[in-house]
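Visitor: one predicted model, sequence on top.
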Amino acid sequence: VKRVRTHHLREMKARGEKFTMLTAYEQYAAQTFDEAGIDVLLVGDSASNNVYGNETSLPVTVDELIPLVRAVTRSARRALVVADLPFGSYQASPEQAYLTAVRFMKEANAHAVKLEGGLAMVPQVRKMTEGGIPVMAHIGFTPQSEHNLGGYRVQGRGDAAARVIEEAQALEAAGAFAVVMEMVPGEVAGEVTKSVGIPTIGIGAGVDCDGQVLVWQDAFGLRTGRMAKFVKQYADLHGVLRRAAEDYAADVKAGTFPGPEHTF
Ligand code: KIV
Ligand code: NA
């Protein structure tokens, strides 16, 4: 199998062919999504709430994410693996961003990194791309800034639309190879997609983006509870796992597992 590279995503955009991204944080999800032909696997800082049990993405650290990225790069044969730079590991300066990104590349074999932010992150994106590191940007609603943005809210409505377009163009000029747009009105995301040469990847940004991304525990129903409007649920893994655990417990208590066929 041929590895997906950043230029393949750009070529897909040029051909009008959609591509796919999912989060992955460990071996079996990474292998399974890779087998399914998912083009990009993101080891998101959403591991904070989907692996480490935090309520937001803010507490997760570089040291906590690196082993997860390593597991995913070891497990994916075809997908491009992108490591998310966590809160506080890149905002201070382009040098900080570069040194953090280098850790993900050297210690975990990441193929690219992702950071959140618009015009303020242009120097970071330039420093990393000039230093040989492919960078995916992330604009619109950026969860690491949730306290600054006043909670989970759609970004780029009304007059703010022009700003989203300006950010995407500035990030492209700085060298970003793709840009995630989160919770941006579909029409605005469509405008952004037409106004840049790099691929756009939507999450709550409508159907006109070049690619789509979802957090897998949301999309496949491992996480229960309130789901954002942009999530489509493709499976009920929570139900499957819970029933399996209940069946196992019932068998053990009833003395029907292990059976003779499981016994030496
Ligand atoms: O961390 C994450 O899962 C993300 C995606 C939702 C884009 O940043
Ligand atoms: Na993220």
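Guide: Alright, I've got the coordinates. Numbering: from 1, shown residues only. Ligands and ions are numbered 1, 2, ... in the order given.
Visitor: make it CA atoms for all contacts and neighbour counts henceforth
Guide: Will do.
Visitor: host element of Met128?
Guide: helix 122-130 (DSSP states H and E).
Visitor: pLDDT on the following helix or strand past that helix, on average?
Guide: For helix 122-130, the following helix or strand on the C-terminal side (DSSP H and E) is strand 135-140. The predicted model assigns strand 135-140 a mean pLDDT of 98.
Visitor: which strands or helices does whichever helix or strand comes after strand 135-140 pack on?
Guide: Toward the C-terminal end, the helix or strand that comes next after strand 135-140 (DSSP H and E) is helix 146-149. Judged by 3 or more Cα pairs under 8 Å, 6 or more residues apart in numbering; DSSP states H and E, helix 146-149 is in contact with no other helix or strand.
Visitor: quick one: helix 146-149 to chain centroid distance?
Guide: The chain centre lies 19 Å from the centre of helix 146-149; the measure is Cα atoms, centre = their mean, to the nearest Å.
Visitor: 41 is where my numbering starts, stick with that
Guide: Will do, 41 is the new start, and the previous item becomes helix 186-189.
Visitor: what does the next helix or strand after it rub up against?
Guide: Sequence-wise, the next helix or strand downstream of helix 186-189 (DSSP H and E) is helix 201-214. Here helix 201-214 makes contact (Cα atoms under 8 Å, 6 or more residues apart in numbering) with 158-159, 161-163, 165-166, 169, 177, 179-180, 196, 218-219, 228, 231-232, 235-238.
Visitor: just the buried ones among those, please.
Guide: For the contacts of helix 201-214, a neighbour count by 16 or more other Cα atoms under 10 Å gives the buried set as 158-159, 161-162, 165-166, 169, 177, 179-180, 196, 218-219, 228, 231-232, 236-238.
Visitor: ok, the residue of the chain found nearest ligand 1 - contacts?
Guide: In the chain, no residue comes nearer to ligand 1 than Gly84, which is 3.3 Å away by Cα to the nearest ligand atom. The contact partners of Gly84, by Cα under 8 Å, 6+ apart, come to 63-65, 123-124.
Visitor: give me that answer again for 10 Å
Guide: Listed by Cα atoms under 10 Å, 6 or more residues apart in numbering, the contact partners of Gly84 are 62-65, 90, 97, 105, 108-109, 122-126, 153-154, 255.
Visitor: per-residue confidence at it?
Guide: Per-residue pLDDT puts Gly84 at 98.
Visitor: against Val122, how distant is it?
Guide: Gly84 sits 8 Å away from Val122, going by Cα to Cα, to the nearest Å.
Visitor: which residue is nearest the centroid of this structure?
Guide: Nearest to the mean C-alpha position of the chain, by Cα atoms, centre = their mean, lies Leu82 at 3.9 Å.
Visitor: regarding that one, what is its secondary structure?
Guide: Following DSSP: H, G, I helix; E, B strand; the rest coil, Leu82 is assigned to strand.
Visitor: who does it bridge with?
Guide: Thr63, Val122 (DSSP bridges).
Visitor: that one against Leu155, yeah?
Guide: No: with contacts counted by Cα atoms under 10 Å, Leu82 stays clear of Leu155, the gap being 11.6 Å.
Visitor: so what touches the helix or strand of the chain with the lowest mean pLDDT?
Guide: The helix or strand with the lowest mean pLDDT-type score in the chain, counting by mean pLDDT, DSSP states H and E, is helix 186-189 (a mean of 95). With contacts defined as Cα under 10 Å, 6+ apart, helix 186-189 is touched by 96-98, 181-183, 192-193, 195.
Visitor: before we move on, back to that, mutual contacts of Leu82 and Leu155, please.
Guide: Counting by Cα under 10 Å, 6+ apart, the residues touching both Leu82 and Leu155 are 123-124.
Visitor: which residues touch Val228?
Guide: Shown in contact with Val228 (Cα under 10 Å, 6+ apart): 195-198, 200-202, 204-205, 234, 245-246, 248.
Visitor: drop anything exposed from those residues.
Guide: So, by 16+ other Cα under 10 Å, the buried ones in the contacts of Val228 are 195-196, 201, 204-205, 234, 245-246, 248.
Visitor: where do the strands sit along the protein?
Guide: For the chain, applying DSSP state E gives strands covering 59-63, 80-83, 120-124, 152-154, 175-180, 218-222, 240-243, 251-254.
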